[in-house]
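Got a predicted structure here, sequence first:
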Amino acid sequence: MPNSRSLKRLCCSSPTNNGTGYVSEKTIVVIVGPPAVGKMAVGRELERRTGIPLLHNHMTIDLVLPFFEFGSEPFSRLVGGFRKSIINEVAASDHAGLIFTYVWAFDQISDLSSVEKLLEPFVSGGGRGVFVELYAPLEIRLERNDTPLRLLEKPSKRDVAASRARLIDIDTRHRMNSDGDFPYEDHLRVDTTKLSVEQTADLVIEHFSLPTR
């Protein structure tokens, strides 16, 4: 597997413009940020506007949770395996790319390793990986923690009190946003505090020259 330095070069190689103003390479758009910052909602809007399918992180988490406890060895193995299989198949398919959401703890080296593995099937095949980092203050994210879309799409969040406690705990124990040290150059950081989902998607599409339909 390429190391992080070679992946950075691949992810940030000059994109090919097909004459339409949009990039033609197969692209994995990785949306990162703390819980309840709006990753899934932005991903859904990008999916609607670009036609690039969304794999949000709870699609695999909530699939496995009825069988194994969060963080257990079989849970992690299954979630990681499902994600790897889907990403590999999409990278080898006719899809224009993939939108993927990920809660990245920047103080955890293992999370960087996981991100490298996500990118590899795309960049090794001549595609590109781009990053959207969303951030908003804790108090804003606590307000968003029980929005109807979030509860509809993520069954494990429907115990709102427990979800709220986990959100606060994660913020306490980990660094959930970069601080000028994001490891990839093809990176857009967006404060979602006052932006709508549509406005955030506009910024992403323009910045990365994503195709729209």
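Now that the structure is in, tell me what you want to look at.

hey, what's the residue nearest the centre of the chain bridged with?
Geometric centre of the chain, nearest residue: residue 101, 2.2 Å, by CA atoms, centre = their mean. With DSSP bridges applied, residue 101 shows beta-bridge pairing to residue 31.

That one contacts residue 59, doesn't it?
No. The pair residue 101 / residue 59 is not scored as a contact, 9.2 Å apart, by CB atoms under 8 Å. Glycine gets a C-beta too; all of them are placed from N, C-alpha and C.

quick one: low-confidence ranges for this protein?
Confidence mapping of the chain against pLDDT under 70 gives the ranges 1-24.

could you pull out the helices for it?
In the chain, the helices defined using DSSP state H lie at 4-11, 39-50, 57-64, 73-91, 109-123, 138-144, 148-153, 160-173, 197-208.

Make JSON lines out of the ones you listed and add distance to residue 186.
Formatted as JSON lines, the helices of the chain follow (distance: least, CB to CB, whole Å):
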{"stretch": "helix 4-11", "distance to residue 186": "5"}
{"stretch": "helix 39-50", "distance to residue 186": "16"}
{"stretch": "helix 57-64", "distance to residue 186": "20"}
{"stretch": "helix 73-91", "distance to residue 186": "17"}
{"stretch": "helix 109-123", "distance to residue 186": "10"}
{"stretch": "helix 138-144", "distance to residue 186": "25"}
{"stretch": "helix 148-153", "distance to residue 186": "27"}
{"stretch": "helix 160-173", "distance to residue 186": "26"}
{"stretch": "helix 197-208", "distance to residue 186": "8"}
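
Of those, which stretch is the most buried?
helix 39-50 (a mean of 22; mean count of other CB atoms under 10 Å).

how close does the residue nearest to the centre of the chain sit to residue 159?
As judged by CB to CB, to the nearest Å, residue 101 and residue 159 stand 21 Å apart.

And for residue 138?
On the measure of CB to CB, residue 138 and residue 159 end up 19 Å apart.

Excluding chain neighbours, what is closest to residue 82?
residue 60 (4.6 Å; CB to CB, 6 or more residues apart in numbering).

So the one you found is in contact with residue 75, correct?
No. Distance between residue 60 and residue 75: 10.0 Å, which falls outside the contact criterion (CB under 8 Å).

Just the CA atoms of whichever strand in the chain runs longest, as CSV, please.
Criterion DSSP state E: the longest strand present in the chain is strand 128-135. Output of strand 128-135 as CSV, limited to C-alpha atoms (Å, rounded to 0.1, in the frame of the first residue of the first chain):
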residue,chain,number,x,y,z
ARG,A,128,-8.6,11.3,-7.0
GLY,A,129,-9.5,11.7,-3.3
VAL,A,130,-10.8,15.1,-2.0
PHE,A,131,-11.7,16.1,1.5
VAL,A,132,-14.5,18.2,2.9
GLU,A,133,-13.9,19.0,6.6
LEU,A,134,-17.0,20.4,8.3
TYR,A,135,-16.9,22.1,11.7
